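In: Here is a sequence together with a model predicted from it:
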Amino acid sequence: MGSLKSLAQGFLVATGLIWIFNIASLILGGDAWLGLMYLLILLIPLSSLTILKLKSTRHAPSHDDSRKWRNLFFSFQGVALGFWMFDIITTVYAINITGLAIELNPMGWPWGILGALAFYAPTLAFSYILLFKMKEKVSLYASLPLTLITLGMGSMNLVAGAQNFQVFIDTAFLASSVRFGLLALIVTANLAVPLSLKRMAASPKLSLNLKKP
């Protein structure tokens, strides 16, 4: 479970950074209304996580330094996967939805995904074995260059995704007829979701669950 949590945390960090980039890009160079909507949507998980962190009284067990480093290194695999997913989603928009871009990979689209998958799948598996199945320190050191290579590959996906997202910036806009209705809906969600979580966290049943070791 610790390895899966580390992978998920890395993926969520990458997603959050990409989302912030999208907000800034839309506000500065695209439809500012879309940027505002992206920002308000981002506030929903941020406020919810803040409430859960403040309400939770559960203390995670302490780990040794080696375990922390292993979890950190494995979380970078999640970061790279987040960058790859950003590349895939923006490519779908640029090629399949707008038809304004082409796939440069010789395999074409969508078969070009298999090229990256052929890298990420064995790298993820090998990193897991080095970090969590082999307990020697040398396995931790051996995972470092593999982590750096994965981050390098993920960075290329991030750059490609950012280039694809430029197509979204140039073509996407929020119709004036739905702006205020959508704004009201998202603002309502920003109020309702955190308040619901706050009430759930304050309930006796959930409080007991949060106090369990």
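Out: Thanks, I have it. Residues are numbered from 1 along each chain as shown.
In: Low-confidence ranges, this structure, go.
Out: Along the chain, the model assigns pLDDT under 70 to residues 1, 52, 55-64, 201-213.
In: and with 80 instead?
Out: The chain contains residues with pLDDT under 80 at 1-2, 48-65, 100-108, 110, 112, 135, 197-213.
In: wait, isn't residue 51 in contact with residue 199?
Out: No: Residue 51 lies out of contact with residue 199 (CB atoms under 8 Å); the separation is 10.0 Å. The C-beta positions use only the backbone N, C-alpha and C, and glycine is treated the same way.
In: what are the C-alpha coordinates of the helix or strand encompassing residue 34, in CSV please?
Out: If you go by DSSP states H and E, residue 34 is part of helix 32-55. What follows is helix 32-55 as a C-alpha-only set of coordinates in CSV (Å, rounded to 0.1, in the frame of the first residue of the first chain):
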residue,chain,number,x,y,z
ALA,A,32,-9.8,34.1,-19.2
TRP,A,33,-13.2,32.7,-18.3
LEU,A,34,-11.9,29.2,-18.9
GLY,A,35,-8.9,30.0,-16.7
LEU,A,36,-11.2,31.2,-14.0
MET,A,37,-13.3,28.1,-14.2
TYR,A,38,-10.1,25.9,-14.0
LEU,A,39,-9.1,27.9,-10.9
LEU,A,40,-12.4,27.4,-9.2
ILE,A,41,-12.4,23.7,-10.0
LEU,A,42,-8.9,23.4,-8.5
LEU,A,43,-10.1,25.0,-5.3
ILE,A,44,-12.6,22.1,-4.7
PRO,A,45,-9.9,19.4,-4.0
LEU,A,46,-7.6,21.9,-2.3
SER,A,47,-10.2,23.0,0.2
SER,A,48,-11.4,19.5,0.8
LEU,A,49,-8.0,18.1,1.4
THR,A,50,-7.3,21.0,3.8
ILE,A,51,-10.4,20.2,5.8
LEU,A,52,-9.6,16.5,6.0
LYS,A,53,-6.0,17.3,7.1
LEU,A,54,-7.2,19.6,9.8
LYS,A,55,-9.9,17.2,11.1
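In: Good, wrapping up.
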